[in-house]
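Q: I need the structure of the sequence given here:
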Amino acid sequence: MKIYPVTRAIKEHWCRRCGKIIKKGDPYKYTESRFRPKITHCNTCGFRSSELTTSETLIQVYETQEGLEDVLATLKNVTPDNAEEAKDLLQGIYDALEGAASSIQDVSDELGDKISNMEEYFQGAPQLDEMQERQDALEEWRTELEDAMSDVSSAQYEMEDEESEEDDDEEEDKLLELSPTSKDSFDEAIDKVEEATSSLSL
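A: Model (predicted):
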């Protein structure tokens with residue numbers, strides 16, 4: 001989809017990305033097609049992949065990826081003070097990964113049904129190869145997300161094991177303190193999630 005820049009707004013708009021009001025006279029940009037409503041952004045915000053396609057399948061896939069990116073962006077601004085907080089943050093990213101993997105499975109299954117129908121009535125159609133490649137890519141990405149879920153779970157277990165080894169007589173705040181080992185486990189898990197999130201290739 002083409003992006004249209006506007007030098008001066010003739011009426012007030014709002015940026016779909018950041019919510020900022022675009023006042024009369026301000027520059028902005030927008031994209032639209034007959035298949036989707038007009039999407040307006042201020043000049044500071046860029047368009048996301050889900051906003052630049054008319055494919056329902058790609059919209060769902062890109063929105064899923066962007067949801068994970070948003071969660072990761074939030075984590076970039078958070079430094080856990082203790083093991084409990086770190087485990088809670090990891091649980092949040094685990095839940096996001098689980099939801100993303102489930103969504104991608106649904107999209108892949110739906111695409112598989114379309115492929116089956118086309119194979120029955122339109123054997124040899126050139127779109128079939130493209131659709132099959134897209135489904136294969138989705139299945140690969142879902143596997144990457146599930147592997148990242150395992151990495152997050154492992155980090156949580158490592159933190160729990162380290163806590164259990166602490167002396168029972170130590171003060172509670174000491175028990176909850178995030179050790180260098182737990183910090184490394186947390187950071188490595190987040191790195192794995194970032195790698196999995198960006199591994200989508202369509």
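Q: going forward, measure contacts between C-alpha atoms and count neighbours the same way
A: OK.
Q: and the protein, what are its domains?
A: Per automatic domain parsing, the domain ranges recorded for the chain read 4-47, 55-198.
Q: so can I have CSV of those domains showing mean neighbour count and mean pLDDT?
A: As requested, the domains of the chain are exported to CSV (neighbours: other C-alpha atoms under 10 Å; pLDDT from 0 to 100):
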stretch, mean neighbour count, mean pLDDT
domain 4-47, 15, 94
domain 55-198, 16, 87
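Q: Can you tell me how far Asp109 is from Cys15?
A: 34 Å (C-alpha to C-alpha, to the nearest Å).
Q: Contacts only, for the most centrally placed residue in the chain.
A: Central residue of the chain (C-alpha atoms, centre = their mean): Leu68, 2.2 Å from the mean position. Contact partners of Leu68, counting by C-alpha atoms under 8 Å, 6 or more residues apart in numbering, are Ala96, Leu97, Ala100, Thr197.
Q: Are we agreed that it is in a helix?
A: Yes. Under DSSP: H, G, I helix; E, B strand; the rest coil, Leu68 sits within a helix.
Q: wait, isn't Leu145 in contact with Ala196?
A: Yes. Shown here, Leu145 and Ala196 form a contact pair, counting by C-alpha atoms under 8 Å, at 5.7 Å.
Q: which stretches of this protein form strands?
A: With strands called from DSSP state E, the chain shows them at 4-6, 13-14, 21-22, 28-33, 36-42.
Q: Neighbouring strands - and their directions - for the longest one?
A: In the sheet containing strand 36-42, the strands it pairs with under DSSP bridges are strand 28-33 (antiparallel).
Q: just to revisit the earlier point, between the contacts of Leu68, which sits nearest Thr79?
A: Ala96 (18.8 Å; C-alpha to C-alpha).
Q: What sits closest to the closest one if chain neighbours are left out?
A: Among residues not flanking Ala96 along the chain, Leu68 sits closest, at 6.6 Å (C-alpha to C-alpha, 6 or more residues apart in numbering).
Q: For the one you found, give its distance to Glu120.
A: For Leu68 relative to Glu120 (C-alpha to C-alpha), the value is 36 Å.
Q: swap in Ala189?
A: Separation of Ala189 from Glu120 (C-alpha to C-alpha): 44 Å.
Q: now swap in Glu188 and tell me
A: 46 Å.
Q: How far off centre is stretch 110-123?
A: Its chain's C-alpha centre and that of stretch 110-123 lie 28 Å apart, by C-alpha atoms, centre = their mean, to the nearest Å.
Q: What are the contacting residues of it?
A: Outside stretch 110-123, the residues that touch it by C-alpha under 8 Å, 6+ apart are Ala125, Leu128, Met131, Gln132, Gln135.
Q: Contact partners for the second one?
A: Just to be clear, that refers to Leu128. Neighbouring residues of Leu128 by C-alpha under 8 Å, 6+ apart: Ile115, Met118, Glu119.
Q: Export these to JSON lines and append columns for distance to Met159.
A: Listed next are the contacts of Leu128 as JSON lines, based on distance: C-alpha to C-alpha, whole Å:
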{"residue": "Ile115", "distance to Met159": "45"}
{"residue": "Met118", "distance to Met159": "50"}
{"residue": "Glu119", "distance to Met159": "50"}
